[in-house]
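Enquirer: Predicted model and sequence follow; I will ask about them next.
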Amino acid sequence: MNKELEIKTKEFAKSIRLAQINMFRTLGFGHIGGSLSVTDLIAVLYESIMRYDPNNPKWYNRDRLVVSKGHAGPALYSALALKGFFPLSWLDSLNKGGTNLPSHCDRNKTPGIDMTTGSLGQGASTALGMSMALKKTGQNVFLILGDGECNEGQVWEMALSAVQHKAGNLIGFVDCNHKQLDGKTEDILDMGDIAAKFNVFGWYTQTVNGHNVSQLYEAIRNAEQNACDRPSMIVMETVKGKGVALVEEIEFNHHITLSAEQASQAIEEINKQEN
Ligand SMILES: Cc1ncc(C[n+]2csc(CCOP(=O)(O)OP(=O)(O)O)c2C)c(N)n1
């Protein structure tokens, strides 16, 4: 990743974080921890990797993204609004009656959302189906899973099938923030070495710092070039609530309240972060 693109991508990540904090301030609560932990990845995908057209969200030749941990919708909505898929003013309607931005991703409501998600595990299978359908025409399908979500058997059924179907255009990510809804992933159902598990299933695997945009970019390009007909999994080491100290410090920060004062403090902190 060249320096110019790296700076642009980091700036975009910052804008996504700020937009999310404003959304959560308006609503007063939300899935803040797991949205912030995938923000750098979402920035890399929409700033430097994916092919899409905000004026034509259903453009057939676009790459697809399935955020299977559908509660991270706010991170994705912020990126889509900033890229012009819909007006920024929609962000104020997060999870309110009649909104186009429900708390979990819904492909029938939001321009730019490729798959409805929220029931953990299901996005894995739908992403594989999409990748099989698009293999001949060359679009990539990106899939974001949580480490808690990897407790779901459906993820591992998909992992087996993806290798059988030579889903070389499927590039997945596990957001390994080590926490889930009500505890630490290690305490609830320890997944051990997730990259090693995908690897023995036959996937092309890599492990990166999920907050380092350059590492993320290089891993995706490497997967595109070297996985051949194997599906790829990029395991990301992350921090739940990344970028906002008062969220990071809360032990269980899956769905939390955010006061106006806390939001102002968070915005000040994000604005101070260097690119
Ligand atoms: C099938 C299913 N079971 C349970 C839930 C309830 N649930 C919502 S989020 C969550 C924890 C997810 O943890 P993880 O995948 O690690 O997400 P992250 O911490 O990255 O946000 C659970 C259990 C659900 N949405 N779907």
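Expert: Perfect, I can see it now. Residues are numbered from 1 along each chain as shown.
Enquirer: switch to C-alpha atoms for all contacts and neighbour counts from now on
Expert: Noted.
Enquirer: how about the residues of this protein near the ligand?
Expert: Within the chain, the residues that sit near the ligand (C-alpha under 6 Å from any ligand atom) are 34, 69, 118-120, 146-149, 175, 179-181.
Enquirer: So which of those residues belong to helices?
Expert: Among the residues of the chain next to the ligand, the members found in helices (DSSP state H) are Gly34.
Enquirer: Most neighbours of all the residues of the chain next to the ligand, which one?
Expert: Gly34 (30 neighbours; other C-alpha atoms under 10 Å).
Enquirer: how close does it get to Ala227?
Expert: If you measure Gly34 against Ala227 using C-alpha to C-alpha, to the nearest Å, the figure is 28 Å.
Enquirer: And Ser37, by the same measure?
Expert: 26 Å.
Enquirer: So those two - more neighbours on which side?
Expert: Between Ser37 and Ala227, counted using other C-alpha under 10 Å, Ser37 has the larger neighbour count: 26 against 19.
Enquirer: For the more buried one, give me its contacts.
Expert: By C-alpha atoms under 8 Å, 6 or more residues apart in numbering, the residues touching Ser37 are Asp175, Asn177, Gly210, His211, Thr238, Val239, Lys240, Gly241, Lys242.
Enquirer: Try it again at 10 Å.
Expert: For Ser37, the contact set (C-alpha atoms under 10 Å, 6 or more residues apart in numbering) comprises 72, 75, 175-177, 210-211, 236-243, 248.
Enquirer: Surely Gln122 touches Cys150?
Expert: No: counting by C-alpha atoms under 10 Å, Gln122 does not reach Cys150; the two are 11.1 Å apart.
Enquirer: ok, these two, which is more surrounded?
Expert: Cys150 (22 against 18).
Enquirer: Alright, that wraps it up for me.
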